[in-house]
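In: Show me how the following folds:
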Amino acid sequence: NTNSWYKEIYSSTTEQIALFGELNYRITDKLSATVGARWFEYDRNRYETKEWPAGNPYDTDTYKGKDDDSLFKFAIDYALSDNKMIYALYSEGYRLGGHNSIKNPGSVLPDIYGSDVLGNFEVGLKSQWLENRLQWNLTLYQMDWEDIQRNITDPDDWTANGHVNMGDAEIRGLETSLNWKVTDNFRVDASYSWNDSELQDDYWLSDVIDIEEWQDDQLGAKGQSLAIAPPSKWWIGLQYDLYGLFGDLDGWVRYDHSWRESMYHDWWNAMNAETGAGGRKLLGDIDEGSLQFSLGKPGNWSLTLSI
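Out: I've put the predicted structure just below:
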């Protein structure tokens, strides 16, 4: 007899050792170069057990991962003037691989899945204008994502999941931001981003594990968008400061508005949309606005009303 219908015990530890450094060299008064490197070692352990009801264990997952690697960064900056600079950058990112928790001795899931790596290339402008009252930054980027980790269901045991390295993707885009102090009291803040993401090939379950032909299933379609990657979004904020509104009390009023384009919630809908099998963007456009009023004594207290 038990009054507890479900019990879950979860523990996770990650230990990391890292060495990193960065060297900057001024080639000329306007041109400088930066080189950076980072070596690291991860050791990850995760244990999860489930009981339903309490006292009746039905599922246990154990994930372990230990890996080490080196990441590099290269950048070059050129000063157009005292307050305008263009740059180019290459940097790398990394996500730890690990061990799948194999419950079925006959499982075809791999014992180990590898890390996936992100290479980022970008060029940009950082600038100030109008006697430094206007700051405008612009970045163009391309990211190459290799050996993407995917969570899949064990084809021999639908109650078990594991990770595999599926393939590669490419993401291109731009980001820009603006901060403009129009007057001593009024300022405008804004940002915009656009990105285009796509898988580089068709990927099938048989590409990553050894299975029978009838068990094969498509994991990704060439050209499909990545999930949770909105193609575009923007935000704008307008603020008017009211100094000395009531004696030594200051106030401000601010309006913010943001918009995010619809996007795919999961891989399957993104893939099915590309192959014509009816995938849908389950996360629709988001259009939000907020209005705030604030009154307070600088360095002491403040009261803000948000609508």
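
In: Beyond the longest helix along the chain, next helix or strand please.
Out: Ranked by number of residues, the top helix in the chain under DSSP state H is helix 267-275. Per DSSP states H and E, the first helix or strand lying C-terminal to helix 267-275 is strand 286-297.

In: Identify all contacting residues around that next one.
Out: Contact with strand 286-297 is made by 245-246, 248-260, 302-307, as judged by Cβ atoms under 8 Å, 6 or more residues apart in numbering. Glycine gets a C-beta too; all of them are placed from N, C-alpha and C.

In: and if we set it to 6 Å?
Out: 249, 251-260, 302-307 (Cβ atoms under 6 Å, 6 or more residues apart in numbering).

In: try stretch 148-159
Out: By Cβ under 6 Å, 6+ apart, stretch 148-159 touches 104, 107, 108, 109, 116, 160, 161, 163, 164, 166, 211, 215.

In: Now the phi/psi pair for the second one, please.
Out: As for residue 107, its main-chain torsions (degrees, to the nearest 10) stand at phi -60, psi 140.

In: What distance do you get for it to residue 159?
Out: Taking Cβ to Cβ, to the nearest Å as the measure, residue 107 falls 11 Å from residue 159.

In: If any of the contacts of strand 286-297 are buried, give me the ChimeraX selection for them.
Out: Of these, the buried ones go into a single ChimeraX selection, burial set by 16 or more other Cβ atoms under 10 Å:
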select :249,251,252,254,256,259,260
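
In: Check which residues of the top strand by length along the chain are buried.
Out: Ordering each strand of the chain by length in residues (DSSP state E) puts strand 57-81 first. Across strand 57-81, burial judged by 16+ other Cβ under 10 Å covers 61, 63, 65, 67, 71, 73, 75, 77, 79.

In: got it, and stretch 34-52?
Out: 36, 38, 40, 42, 44, 45, 46, 51.

In: As CSV, could you dump the C-alpha coordinates of it?
Out: Extracted C-alpha coordinates of stretch 34-52, given in CSV (Å, rounded to 0.1, in the frame of the first residue of the first chain):
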residue,chain,number,x,y,z
THR,A,34,43.6,38.6,-31.3
VAL,A,35,44.3,34.8,-30.9
GLY,A,36,42.7,32.8,-28.1
ALA,A,37,42.7,29.1,-27.1
ARG,A,38,40.9,27.0,-24.5
TRP,A,39,41.7,23.4,-23.5
PHE,A,40,39.1,21.6,-21.3
GLU,A,41,38.2,18.3,-19.9
TYR,A,42,34.6,17.4,-18.9
ASP,A,43,33.5,14.5,-16.6
ARG,A,44,29.7,14.2,-16.4
ASN,A,45,27.6,11.7,-14.5
ARG,A,46,23.8,11.7,-14.4
TYR,A,47,21.6,9.2,-12.6
GLU,A,48,17.8,9.0,-12.8
THR,A,49,15.4,6.4,-11.4
LYS,A,50,11.6,6.4,-11.5
GLU,A,51,9.1,4.5,-9.4
TRP,A,52,5.4,4.1,-10.2
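
In: can you start the count at 276 instead of 1 from here on
Out: Got it, the first residue is 276 from now on, which makes the last one we talked about stretch 309-327.
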